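Enquirer: Compute the structure for the input listed below.
(one chain, ligands or ions: 1)
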Amino acid sequence: MLDRMAGRNKVTCSDLGWHKDYVAISIMSDFLFKFLVIGSAGTGKSCILHQFIESKFKQDSNHTIGVEFGSKVVNVGGKSVKLQIWDTAGQERFRSVTRSYYRGAAGALLVYDITSRETYNALTNWLTDARTLASPNIVILLVGNKKDLEAEREVTFLEASRFAQENELMFLETSALTGENVEEAFLKCARSILSKIESGELDPERMGSGIQYGDASLRRLNRQQQQQKRPDCSC
Ligand SMILES: Nc1nc2c(ncn2[C@@H]2O[C@H](COP(=O)(O)OP(=O)(O)OP(=O)(O)O)[C@@H](O)[C@H]2O)c(=O)[nH]1
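Expert: Numbers count the residues shown, from 1 in each chain. Have a look, this model is predicted:
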């Protein structure tokens, strides 16, 4: 099972139950965050995930069947965070399958294609799904992908920034082709979750928070508890 956590895996419909019993806590990480990548078909979600994990463009990307999975450990503000990322199919026919993955997600990249107004117009529906089906405190970053296709742009940066502001989303334009802002998108989302944990706005111990302590944090907590239990030395 651990092999499946290193890198990226296709999850077929028959596999859909396996992760339910799986407690994925990385040995060296401080936290584990569950992430979703959502948005209309063809916006580049799989290519974004591939670029983030493999640092290269996925040349022959096919439509995702159900969901695919990838993971990566990143350093955020001195903390080691394992991102457990579910790349969902954008096609309507997979909607019931993909919706079952929303529960307990801490963060999401909501992706549209800057060269397709249709994918931008669908954002409100995706957002409603994310906010109702995932954790109520889910941190969402709006991603305008295919930034390299400037000549074919149908959605301006300003328009999308306003949408993001009105809907309390963070916003970035990316290119899975060149890699521009791809890592930054995941890091920005992770940073925001981490700062909400630090400020107490997010509680990793709440069921369905999409956040777990990694072994490094657990070891630290155990040490602190042991020290508190030790009786004071009277010598
Ligand atoms: N020029 C350009 N093409 C891209 C970019 N990202 C993805 N593509 C292309 O867009 C198409 C769709 O990419 P995918 O990553 O498969 O899209 P998806 O959102 O995962 O699609 P579904 O799995 O059906 O939901 C492919 O032909 C990619 O080569 C990008 O940043 N720039």
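
Enquirer: Closest to the centroid, which residue in this structure?
Expert: In the chain, the centroid-proximal residue (C-alpha atoms, centre = their mean) is residue 35; its distance is 2.5 Å.

Enquirer: Just grab the bridge partners of that residue for me.
Expert: Beta bridges link residue 35 to residue 85, residue 107 when assigned by DSSP bridges.

Enquirer: Pretty sure it sits against residue 88.
Expert: No - using C-beta atoms under 8 Å, residue 35 is not in contact with residue 88; the gap is 10.9 Å. For glycine as for every other residue, the C-beta is placed from the backbone atoms N, C-alpha and C.

Enquirer: where does this protein have low pLDDT?
Expert: 1-27, 216-235 (pLDDT under 70).

Enquirer: and the longest helix for it?
Expert: If you go by DSSP state H, the chain has its longest helix at helix 182-198.

Enquirer: Please state the offset of it from the chain centre?
Expert: Put simply, helix 182-198 sits 9 Å off its chain's centre (C-alpha atoms, centre = their mean, to the nearest Å).

Enquirer: Run through who's touching it.
Expert: 31, 33, 35, 48, 51-52, 72, 74, 76-77, 79, 81, 83, 85, 106-109, 137, 139-141, 143, 170, 172, 174-176, 202-204, 211 (C-beta atoms under 8 Å, 6 or more residues apart in numbering).

Enquirer: how about 6 Å then?
Expert: The contact list for helix 182-198 (C-beta atoms under 6 Å, 6 or more residues apart in numbering) reads 33, 48, 51-52, 76, 81, 106-107, 109, 139, 141, 143, 170, 172, 174, 202.

Enquirer: Neighbour-wise, which one of those residues leads?
Expert: Within the contacts of helix 182-198, most neighbours by other C-beta atoms under 10 Å means residue 143, with 33 neighbours.

Enquirer: Stretch 79-98 spans what distance, first to last residue?
Expert: Using C-alpha to C-alpha, to the nearest Å, one end of stretch 79-98 lies 30 Å from the other.

Enquirer: buried ones in it?
Expert: 79-90, 94, 97-98 (16 or more other C-beta atoms under 10 Å).

Enquirer: same thing with stretch 102-121?
Expert: In stretch 102-121, counting by 16+ other C-beta under 10 Å, buried: 102, 105-116, 119-120.

Enquirer: Please identify which two of these are farthest apart in space.
Expert: Longest distance between any two of these is 29.9 Å, between 106 and 115; criterion C-beta to C-beta.

Enquirer: hmm, back to that, and the residue nearest to the centre of the chain, what is it in contact with?
Expert: 83, 85, 107.
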